[in-house]
Structures are given as structure tokens and as C-alpha cells.
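Q: could you work out the structure for the sequence below:
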Amino acid sequence: WYQRRVREAVVSTQSTGVVGGDGSRRCELLSSGCRFYSLWCSWYLVTYDIKTPTAQDGKMRGECSAEATAALVRHTSQLAKENLCREDSAVAQLRDSEHVSQIKLKRNVSLFGGVSLVVGAIIGSGLFMLPDLIYGLTGQSPYMSLTVWAIGGAVAFFGSICYAELATSINISGGEQAYLTKMYSPLVGFLFVWTNTLILNPGGLAAISLYCSEYIVVNINGGFNKNATELDLDLETQSPYIKGAFAILIVGVASAVNAFSAELGNKMNEVFAIVKVGAICVICSIGLYWLGQGEWEQLDKPYITNGTTFVDTINAVTLSMWAYGGWSFLSWVTEEIINPDRNIPLALFIGISIVCIVYLLFNFAIFCGPLVAHEGFTNSPFILLYAKTAWGGWGWFFASFCILTATYGAVSSNTISTTRFYHACARDGHLPRALSLCIPSRSTPGIAILFNFICTAIYIVAGKHATTVVDTVMYTQWVYFVLVFVGLLLLRYRRPTMRRPFKAPLAIPIIQTLLSFVMILSPFFEYPIRHPMYLTNLLKKYGGVVGSIVTGVPFYYLCVRKSTRLLLFEKLSGKIAAACKTFGFQ
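A: Purely as a prediction, here's the structure:
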């Protein structure tokens, strides 16, 4: 009631041209609050007297009432002093809401759309880039490599169960930003937004699009007629301008489709998810072909080889987790999911299960056949040579089609989820308010889509330098994941009666927290303490954590936090939002 009175008073003073009113208006607000608290005090005193059965005489009752009155007077005085601060906060909130979009994104993501978003976001370049690295870290043991992929899938599945509980309990878009803000503080939520907005989201999308463009250039240059050595040379000598142009075009097409229509973007995402899973399953059938030809020499190796170490295995699991990255993206579009209490858990479970099965089948298939057994993994497009060895030219072009659909589908899914993430964060005040503006006729976050395209294009132009930055900050993302899992346990303790349409078994968030701790602490054990690379490795892995805190905390207090931010940034944000509105965004 009090907050409503404050907002009404602030709105009534806007006609004078001065937001927040003058001193008399502040006094009126203060007196309104005091009248409300005086009524509350009267009710409290009556209730206190009624609920004092030990007061047998008037003296004791009078003493009790006097003590209660004195305590309430002190409490009311303190609240009265805070009224001005509350009024200032209400004024700041009202000023922010002037440029925040009032258009709500439609709920048009069905259960199948949610599954497609999960599958599309996860299955991308990692499936084709990482098998050789994991195979080498596991001592070239196919069974140990498959075990690592299974562990990565289990971690993703447990994490999705935790996120299913959070997404159905805290039913707003934004994912980790909303969860960390509610669990800890707005500062922690902003640090996650800071890291993802500047580095992880555009950098990851740039890496996927560049990988897709590499295969386009390989086919344009006649890669079908080249051997492995010539393909390696072709990849090394590819023009960065041509490859970058194709990558920007890929992101631009995905952005244009999602800006034109949210329904069209979701339908395209569903189509590419079906096509990519089907194409990968056809590639997996090559393994059955080689098994039928009696080619299982690679499968005769022992489970654990002499080259396997514990640290290398942990690093291999870390890489597999990166390949499974994207299972949290569904929580970024919670407000667009139809019947979220039912569809979010089902979409996560079905999507992660499909991804795990596809990953295990794919990695099992590539160990069947003569290519890995005789030549091993090469730096060239391995899956193209693998398919070409079995099916000739048809296998080469079908594998190329498989890779292009998988990577473009990942770009599309990332574009959908990332732009909704920016929209939700801008609406909550963690990003410039202009990013919350939408295209009225399309109900799509147009400014967020444009911002995502520009940031991704910058990383594409930066090329390898951007990839180095993304690798450095990758551990930072898992630090925030640990905070989310710990926060889930804290919410269970602090708010046991909180609405939870889906509740994960208690053991799952505990196990997920422990596994995440093992992963983020693994750099401490990669080298001996006295090794010259020990400190360098720690700086490389944890530099992103330190960097996000050192740069994000000052920026939060100077530019984001309402009570401490500079007026310059506040005015600049408002002018940018006003300029966007002149182009028809709302």
C-alpha cells in the first residue's frame, strides 16, 4: 500500500516537470507513511494486550503497553527516517521504467520447442572438435574416452535437474542472473551478466560461427580432392577475411530470422534440431558398417592405458563439460515457455538424454574403422575423411551437410537464448534499458538482437585473440554454476515453504556441487607446486574470475546501482533508449 502511494505521488508530480517533487511533496509522502505506521502501531498494541494472558492487573498491563509503545515509537521513528530513502528509490525505479519496454514476449515455445532449444544449443562444434583432444588425454583408450563423455553427460543431466527446480520456482527469464540476484545480491547477479555479456556469449557464438565457416571454405576450395596433409595446409592458409565474412553472414541470417518473427525462429530451430540429430545418427551408422567389415582393432585396447593420469582425466572431463555446454540456456527464456511448470523439466530431461545418446554413439562410431586405428586423429576435418573413407564422395558431402546443420542450429539456438537473456537483464536494470525494447509488430527484442550481432561480429573480426580470451574466462562460468548450486541448497534451508512445482532430490544438488568444485579446483593439481608453469596455469584459468570481479564491481557501483550510479551514465542510458524509440522500438 505504501509503495503504491509513493508511485501515485511521484506520477502526480511529473506534470510539473520535476520528477520526485519538492520538499513539500516529500513531507506529504513522509506524513502518509507515518499515518500508515501509526495505524499499524495501534493494531499492534491492541493485539499485544489481548495476547498477554499473564497481565493480571492493570499495572502490569500498563507497563507492558508502555514498553511496547516505547519500542514501537523507536521503530516508527527509524522507519520514518527511511521514508525519504524509500521515496528516492521509488523515484529512481519510476525513472528507469520510463524507458523499459512494456511489451511482454509471447509464450510460444512448446515442449518440442524447448527440447529443440536444448538440443540445438548443445550440439554444435564441440562434438566435432573435442573427440581427438579427449582421446589423447585419456591415453588413447576408447573405453576411457567413452567414460569421460558419459561423465560429462551425467554432470549436464544433474545440472539440468537443478535448473528445472529453479526455473519452475523462480519463474522469470534471465537464468543465472535472476537466481543469483535472489540467492545472494544484485551485485552477484550483475557479475554473471558482466562476464557473459562482454566475453562468453559473443565469444562462444563467434567460435561456433567461425567453425561453420571453416567447413564452408574447405568445400569451396575443393577439399574433397585433397588428402589429410593438404587439408591441414588449407585450414592454416585460409583467408581470415573470407572466413570471417562467412561467419558474420551466418550470425546475421540467424539474427534476421529471429528479429523478423519469434515463431519463425522457433520453427527454424526445431527443423534444424531434427535434421542435425538425424544426420549425426546416419554418420554413426558408419560405425556399424565398419563393424560389419570386421574393423574393431581399436576396440581391443585396454580400458586404462599407461598414458592415463588422474589430472589428464579431469581435464578431459572438463572438455566434455564444455561440449555439453548450453543446457542452462532454456532458463533464459522461461517467460516464453508454454506451461513452464510442466514443460521446462520435461524439455531439459528429454533434450539432455537425446544429446547424451547422440554423443556416445558418435564417439563409439569413430573408434570403429581403419582411420583411427591406422592413422589416428588428424588436425584436418576428421569427420569428413572418416565418412569419405567409408562412402566415398557421398560420405564427404553428407558429413559436410551434417556439420553445417549442426553448427548453424547451434548459432540459431544461441541467438534465441542470448537475446532473451539481454532483454531480461535490461528489464531488471543490469544492462542498459534500451536492450529491453522490442519491435512492436513482431514482439521480438530487436535491440538485444542487434546488440548481440554487433558484439559477435567484433569477436569474429578479432579471430584467434578472441578465442584466447574466451578460454581464459571459461572457468569463470563454472564458478557461477557452483554459486547457483550452493544457492539452491540455501533456498531449501531458508525458504522451505517456497513454491516448487518440481523438486529435485536433495542428493543431486549436493553431488553436482561437489563435482563442480572438483572441476574448478583441478588447475591446482595439473602441475607440481614448484613447476615453473604452476602459477602461469593458475593465472590463465582463474584470471577471468579475478578480472570479472576487479572490473565488474566498480562498474556496478558507478553505473548500475541506483543509489550510487553517476548521473552521466544514467542520462546516457536514457538518451540511448529515447533514440531507439524514435526508430519505432517500444
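Q: please enumerate the helices of the stretch 451-586 of the chain.
A: With DSSP state H, counting those that start in this stretch as the criterion, the stretch 451-586 of the chain has helices at 464-494, 507-521, 534-555, 567-582.
Q: for Ile250, which of those is the nearest?
A: helix 464-494 (15.9 Å; CB to CB). Using the backbone N, CA and C atoms, a C-beta is placed for each residue, glycine as well.
Q: residue ranges with poor pLDDT in the stretch 201-350 of the chain?
A: Low-confidence segments of the stretch 201-350 of the chain (pLDDT under 70): 223, 226-229, 232-234, 294-300, 302, 305-307.
Q: now the strands for it?
A: Counting by DSSP state E, counting those that start in this stretch, the stretch 201-350 of the chain forms no strands at all.
Q: redo the helices of the stretch 451-586 of the chain as CSV? Include mean neighbour count and mean pLDDT.
A: Output for these, formatted as CSV (neighbours: other CB atoms under 10 Å; pLDDT from 0 to 100):
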stretch, mean neighbour count, mean pLDDT
helix 464-494, 18, 80
helix 507-521, 17, 89
helix 534-555, 15, 85
helix 567-582, 14, 84
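Q: let me have those in JSON lines, adding distance to Thr147 as columns.
A: Converted to JSON lines, those look like this (distance: least, CB to CB, whole Å):
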{"stretch": "helix 464-494", "distance to Thr147": "21"}
{"stretch": "helix 507-521", "distance to Thr147": "15"}
{"stretch": "helix 534-555", "distance to Thr147": "24"}
{"stretch": "helix 567-582", "distance to Thr147": "50"}
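Q: tell me the pLDDT at Tyr37?
A: Looking at Tyr37, its pLDDT is 55.
Q: oh, and call the first residue 551 from now on, that's how I've got it
A: I'll keep to 551 as the first residue from here, and by that count the last item is Tyr587.
Q: mind listing what Val1011 touches?
A: Gly794 (CB atoms under 8 Å, 6 or more residues apart in numbering).
Q: quick check, pLDDT for it.
A: pLDDT, Val1011: 88.
Q: surely Val1103 and Val738 touch.
A: No: using CB atoms under 8 Å, Val1103 is not in contact with Val738; the gap is 10.4 Å.
Q: need the overlap of contacts for those two.
A: With CB under 8 Å, 6+ apart, Val1103 and Val738 have no common neighbours.
Q: now the residue nearest the centre of the chain: closest residue in space that isn't a chain neighbour?
A: Central residue of the chain (CA atoms, centre = their mean): Phe879, 5.1 Å from the mean position. In space, not counting the residues next to it along the chain, Phe879 is nearest to Ser967; the distance is 3.8 Å by CB to CB, 6 or more residues apart in numbering.
Q: the one you found contacts Leu880, correct?
A: Yes: under the criterion of CB under 8 Å, Ser967 makes contact with Leu880 at 7.4 Å.
Q: between the two, point out the one with more neighbours.
A: A side-by-side neighbour count of Ser967 and Leu880, using other CB atoms under 10 Å, places Leu880 first with 28 against 24.
Q: that one: what's it in contact with?
A: Contacts of Leu880 (CB under 8 Å, 6+ apart): 664, 667-668, 671, 713, 717, 887, 894, 897-898, 901, 967.
Q: quick check, pLDDT for Gly945.
A: 81.
Q: correction: Gly919
A: 68.
Q: also Ala714?
A: Value listed for Ala714 in the pLDDT field: 94.
Q: where's it, which helix or strand?
A: helix 692-719 (DSSP states H and E).
Q: list the buried residues for stretch 1103-1115?
A: Residues 1106, 1109-1110, 1115 are the ones in stretch 1103-1115 that count as buried (16 or more other CB atoms under 10 Å).
Q: go through those and name the one nearest Ile792.
A: Lowest distance from Ile792 to the buried residues of stretch 1103-1115 (CB to CB) belongs to Cys1109, with 38.5 Å.
Q: wait, that closest one sits on Leu1118?
A: No: the criterion here is CB under 8 Å, and Cys1109 misses it with Leu1118 at 9.0 Å.
Q: could you pull up the residues touching Phe822?
A: Counted by CB under 8 Å, 6+ apart, Phe822 has contacts 666, 670, 955, 958-959, 962.
Q: got a winner among those residues for most neighbours?
A: The member of those that has the most neighbours, counting by other CB under 10 Å, is Gly670 with 31 neighbours.
Q: nearest residue to that one other than its sequence neighbours?
A: Using CB to CB, 6+ apart, the closest residue to Gly670 is Ser963 (3.4 Å).
Q: what about that neighbour, neighbour count?
A: By other CB under 10 Å, 30 other residues sit near Ser963.
Q: now swap in the one 10 residues further on and tell me
A: When counting by other CB under 10 Å, one arrives at 29 neighbours for His973.
Q: same deal with Pro790?
A: Pro790: 13 neighbours (other CB under 10 Å).
Q: these two touch, right, it and Gly1013?
A: Yes: shown here, Pro790 and Gly1013 form a contact pair, counting by CB under 8 Å, at 5.7 Å.
Q: I figured Val768 was touching Leu781, is that so?
A: Yes: using CB under 8 Å as the test, Val768 is close enough to Leu781 to be in contact (6.9 Å).
Q: what residues of the helix holding Ala714 count as buried?
A: Neighbour-count burial for helix 692-719 flags 692-699, 701-719 (criterion: 16+ other CB under 10 Å).
Q: skipping adjacent residues, who's closest to Val1095 in space?
A: Sequence neighbours aside, Thr1026 is the residue nearest to Val1095 in space, at 4.9 Å (criterion: CB to CB, 6+ apart).
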